[in-house]
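Participant: sequence and computational prediction follow.
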Amino acid sequence: MLDVSRKELKYMIGTDEVYYLRKRIERLMEADSNNDLYGYTVRSLYFDTWKDNDYQEKLDGLNNRKKIRMRIYNGSRDYIKLELKAKEGDFQRKRSLKLNVDEAERMIDEDYTFLLERPEGFAHGLYTMISTKGYRPKCIVEYDRIAYMNEFNDIRVTFDMRLRALEDPYEFFSGNIEAYPVADSSETTLEVKYNGFLFSYIKHALDLVDRPRISNSKYVRARAFLR
């Protein structure tokens, strides 16, 4: 089980800025080993209550809110994560479990009982939350990410592009899904995540001093588009 808590800052930038900022930041931070020319693909299956409580709480701007998702990278079944991500003030706390394919497929089928068979207390608490509040798979969200990291203060800088979505949860492990574009192709979300504090040289390299922050939920944008 993984349990991390850190600050997350989000900014909207144009495609023309991506190349410029990447050139600046790659001299200061280590590139993610999964990066290629276009980064790597992140695919998440989001779960919500039958009343869409998590979706609505984000729309209402509640300071403390959560989301549950299952995530894979580059369409691979080798590394599957089930995550509970909770906003707690200025921090985002993320707790996650690594799943096998059978467990992931049971999640898609809305069979969550395997969580009670796991040794982690977090899994048992997650089962209680999911089952009592009626969580079910809602939509797939996919995008391409280019990432950089710095081990000090667990700093990560990511560029997320080509946001797209699909409602059918059974397409989660499919190869090339026919997802709908949710964002304009010229739009990129710059995310900066860190523990403690962000080094000033990274802040200045990304030109964050005067850049306005945004609250940009990929899940909410996908659901709003699909609905």
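Facilitator: Great, that's in hand.

Participant: I'd say Glu8 and Asn195 touch.
Facilitator: No: with contacts counted by Cβ atoms under 8 Å, Glu8 stays clear of Asn195, the gap being 10.9 Å. Any C-beta I mention is one placed from the backbone N, CA and C, and that applies to glycine too.

Participant: got any residues that touch both of those two?
Facilitator: Listed contacts common to Glu8 and Asn195 are nil; contacts here mean Cβ atoms under 8 Å, 6 or more residues apart in numbering.

Participant: so Arg164 sits in a helix?
Facilitator: No: note on Arg164: no helix contains this position according to DSSP: H, G, I helix; E, B strand; the rest coil, which reports strand.

Participant: now it: closest residue in space that isn't a chain neighbour?
Facilitator: Excluding the flanking residues, the one nearest Arg164 by Cβ to Cβ, 6 or more residues apart in numbering is Ala179, at 3.8 Å.

Participant: cool, and Val220?
Facilitator: Closest to Val220 by Cβ to Cβ, 6+ apart is Lys58, at 4.9 Å.

Participant: the residue nearest to Met107 when sequence neighbours are not counted bridge partners, please.
Facilitator: Closest residue to Met107 apart from its sequence neighbours, by Cβ to Cβ, 6+ apart: Met70 at 5.7 Å. Beta-bridge partners of Met70, counted by DSSP bridges, are Leu45, Leu82.

Participant: Leu99 now?
Facilitator: Ile80.

Participant: ok, it - contacts?
Facilitator: Leu99 neighbours (Cβ under 8 Å, 6+ apart): Met70, Ile80, Lys81, Leu82, Met107.

Participant: quick one on the thing from earlier: what about the residue nearest to Val220, which helix or strand?
Facilitator: helix 53-59 (DSSP states H and E).

Participant: would you mind pulling the contact partners of that helix?
Facilitator: Asp48, Arg65, Lys66, Lys67, Ile68, Lys133, Lys138, Ser217, Tyr219, Val220, Arg223.
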